[in-house]
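Enquirer: No letters, just coordinates:
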């Protein structure tokens, strides 16, 4: 295992979670649907906790959580661009359009989050001792939440787009109703959504 790259992964993941807090704070300003607002409010709280979990994991592995690598700067820039896109949509004056932009921005952010945590879990499996314990504790606490964040928001994004196109939407989406937390479950929920039309 390349310890420098593990450090880079954890620092980028931490930077991304910090940016995720800003993404959710801005997305909440865009959310018109009450159920979606409630869901994102919950995700904001969980993301704030993910920052703490990763900060603790860095400390447990002797990594300076305040270190800013070139990769972290890029991650921070990308997160800022998502926030900026939502702010632009809000200024456009069309609340339904801003909500769609926010959904897309959250899906983009959560796709990277999901990848980060998948990689952290893979690293935990390869280690023994302190490294395994620290990474496993962090991964076990966060992974199910990251699955939910990604798959549920993808469902919201799909259904809100369908609604905006003038077709029958399933709101809240089946992913949320069925508490989907796997790719297979998300695919089944999407098929169910298609059958409901």
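Expert: Right, received. Where do you want to start? Because the structure is predicted, anything quoted here is derived from the model rather than measured.

Enquirer: to the chain's geometric centre, what's the distance from the helix of greatest length in the chain?
Expert: Identified as the longest helix of the chain according to DSSP state H is helix 129-164. The chain centroid and the centroid of helix 129-164 are separated by 6 Å under C-alpha atoms, centre = their mean, to the nearest Å.

Enquirer: next one: stretch 121-132
Expert: The answer for stretch 121-132 is 23 Å, by C-alpha atoms, centre = their mean.

Enquirer: Start and end of it, how far apart?
Expert: One end of stretch 121-132 sits 9 Å from the other (C-alpha to C-alpha, to the nearest Å).

Enquirer: where does this protein have low pLDDT?
Expert: Counting by pLDDT under 70, the chain has low-confidence residues at 197.

Enquirer: can you map out the helices along it?
Expert: 3-30, 34-60, 70-91, 95-126, 129-164, 174-177, 183-195.

Enquirer: export those helices to a markdown table and tack on mean neighbour count?
Expert: Using the backbone N, CA and C atoms, a C-beta is placed for each residue, glycine as well. Output for the helices of the chain, formatted as a markdown table (neighbours: other C-beta atoms under 10 Å):
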| stretch | mean neighbour count |
| --- | --- |
| helix 3-30 | 20 |
| helix 34-60 | 18 |
| helix 70-91 | 16 |
| helix 95-126 | 19 |
| helix 129-164 | 19 |
| helix 174-177 | 21 |
| helix 183-195 | 15 |
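
Enquirer: Report the central residue of this protein.
Expert: Nearest to the geometric centre of the chain sits residue 110, at 2.6 Å (C-alpha atoms, centre = their mean).

Enquirer: Now do the contacts for the nearest residue to residue 134 once chain neighbours are set aside.
Expert: Nearest residue to residue 134, sequence neighbours excluded (C-beta to C-beta, 6 or more residues apart in numbering): residue 60, at 3.9 Å. By C-beta atoms under 8 Å, 6 or more residues apart in numbering, the contact list for residue 60 reads 130, 133-134.
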